[in-house]
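Asker: pasting a predicted model and its sequence here:
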Amino acid sequence: MIRALIARILPKKRVRKPRIYPADQHKIRAEQIDPAALSVICRLHDAGFQAFIVGGAVRDLLLARRPKDFDIATNATPEEVKPLFRRAFIIGRRFRLVHVHIGREVIEVSTFRTAQTDEEATDEHGRLLNDNVYGTQAEDALRRDFTVNALYYDPDSEEIWDYTGGVNDIHARQLKLIGAPTVRYREDPVRMLRAVRLSGKLDLTIAPTTEKPLTKLAGLMCHIPQARIFEETQKLLLSGSAQKNIVEVRRYRLLPAFDALLTDEKSERFAALALRHTDDRLRIGKTVSPAYLFGALLWPAVTRENEALVASGAKVMPALTQAAETVLETYAHQLAIPRRLQGMMREIWLLQPRFEQRFGQRPFRLLEQPRFRAAYDFMLMRGENEEVPKELGEWWTEFQSTDHEERKKLVAAIEKNSKGVARPRRRRKRTPRKNEEAAAS
Ligand code: ATP
Ligand code: MG
């Protein structure tokens, strides 16, 4: 009775209408859309469904950037989408969507969803537990993170549908969360890292209301599953603006591991070098290995630990091995670094002392190590940071770029110059082999 009364007095839940930008009010043209994505949209339209390009691609095109991928949002359910295509697969358990394979491309098609925000759908920290409930397009827009990420482009009509003011925010170059920022960060704390990453990558300012709760809510990060932390940290570091991103992440204290790692000027300098190298390589289209980068971020901690062990009497190699283990145990977990990567980091670290052993067959053997290239780049960076003499880096650069005869000369020169320093070659007494004994008798 009371409920019925309230329902009559309160206005009905408003159905949110989009602001529609026709083709003459923006610059996105259908030709800019990936042909495979266009064909998927076309098929969905023919079958009577709505289908739009959504998210990062619309945002990037409005910002005159090349989109990484073209995702599609539709009102068709995965079961309705799948039979429309020859090669389509329903994937994901928590968030079911369809991967449509067209030639060598995979187009992601997701069904409009609504965010369930009532008490049963969130945990005690306000974190969303379920995102698999289908909804209207308006609800789909509101469950997205930032206004600039909630734009829908229809290549047929060349219209942009905007439910949250994303187009205006793109023009104002601001990154703004949809809804109440504190609630949205609590629902999914990864959005804090996304705020930093996307603002860095797209050169957008984080809106003041979106920025304000960041430091206060940084503690929520510890409730995020390890795999998601690693995935986002990797994106932060490998996005081409790693240097800038890490400064921001540290400003808001979002990943405390970085504060613990970069404690003094020396470690700061080394990290800055590694981040700059990474950004430079990405800018010119080269690849970067996450093992190399994480290896560099953790290296100052390894040397600190190593120096302490050597000071207390341990030998160089056992000390370094032990230091590597201790540092990985402490930080690999905090940064959620996968085991495979930890193995590669360990290899790069443990090869470092071997660059200083330039006599006999040793340099030749080091050159054959599968991890030589990464370890060599790493050693050059240590040279830049004045941890090893620059001359060492120059010698190795020459050594690896020349032929066998020249290499032997380079080693001989070192052996001659460092007489008494280089370890004399040990001649082991060899026990004669059986057939040799037989021949002798
Ligand atoms: P990038 O260019 O780095 O891929 P993106 O915005 O496309 O950026 P994706 O991770 O590919 O990022 O996500 C696709 C879309 O899904 C986003 O544009 C956004 O609309 C939505 N989205 C992604 N992560 C979240 C999140 N944590 N909360 C709400 N919506 C999200
Ligand atoms: Mg994307």
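Answerer: Right, received. Where do you want to start? Ligands and ions are numbered 1, 2, ... in the order given.
Asker: taking the protein, what residue is nearest to ligand 1?
Answerer: Relative to ligand 1, the nearest point of the chain is Gly56 (2.3 Å; C-beta to the nearest ligand atom). No exception for glycine: its C-beta is placed from N, CA and C like everyone else's.
Asker: what's around that residue, how many residues?
Answerer: The local packing of Gly56 (other C-beta atoms under 10 Å) involves 19 other residues.
Asker: that one and Lys68 touch, don't they?
Answerer: Yes: checked against C-beta atoms under 8 Å, the pair Gly56 and Lys68 is within contact range at 6.5 Å.
Asker: rewinding a little: got the phi and psi for the residue of the chain closest to ligand 1?
Answerer: Backbone dihedrals for Gly56, given as degrees, to the nearest 10, come out at phi -50, psi -40.
Asker: still on that earlier bit, what sits in contact with each of Gly56 and Lys68?
Answerer: Among the neighbours of Gly56, none is also in contact with Lys68 (C-beta atoms under 8 Å, 6 or more residues apart in numbering).
Asker: related to what we said a few turns ago, need the contact list for the residue of the chain closest to ligand 1.
Answerer: Gly56 makes contact with 67-69, 71, 149, according to C-beta under 8 Å, 6+ apart.
Asker: which residues does stretch 91-110 contact?
Answerer: With C-beta under 8 Å, 6+ apart, stretch 91-110 has contacts from 34, 36-37, 39-40, 44, 51, 69-74, 76, 78, 81-82, 85, 87-90, 111, 130-132.
Asker: repeat the analysis, applying 7 Å as the threshold.
Answerer: Residues from elsewhere that reach stretch 91-110 (C-beta atoms under 7 Å, 6 or more residues apart in numbering): 36-37, 39-40, 70-74, 78, 81-82, 85, 87-90, 131-132.
Asker: and the buried ones among those residues, selectable in PyMOL?
Answerer: Here is the PyMOL command that picks out the buried ones among the contacts of stretch 91-110, judged by 16 or more other C-beta atoms under 10 Å:
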select buried, resi 36+37+39+40+70+71+72+73+74+78+81+82+85+88+131
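Asker: the contacts of stretch 91-110: which ones sit near ligand 1?
Answerer: Filtering the contacts of stretch 91-110 for neighbours of ligand 1 using C-beta under 6 Å from any ligand atom leaves Asp71.
Asker: which residues of the stretch 251-400 of the chain fall in helices?
Answerer: With DSSP state H, counting those that start in this stretch as the definition, the stretch 251-400 of the chain shows helices at residue ranges 256-261, 265-283, 290-311, 316-327, 333-334, 339-351, 362-367, 372-384, 390-401.
Asker: now the first one: buried residues?
Answerer: Think helix 256-261. 257-258, 261.
Asker: where does the stretch 151-300 of the chain have low pLDDT?
Answerer: Scanning the stretch 151-300 of the chain for pLDDT under 70 picks out no residues.
Asker: brilliant, that's me finished.
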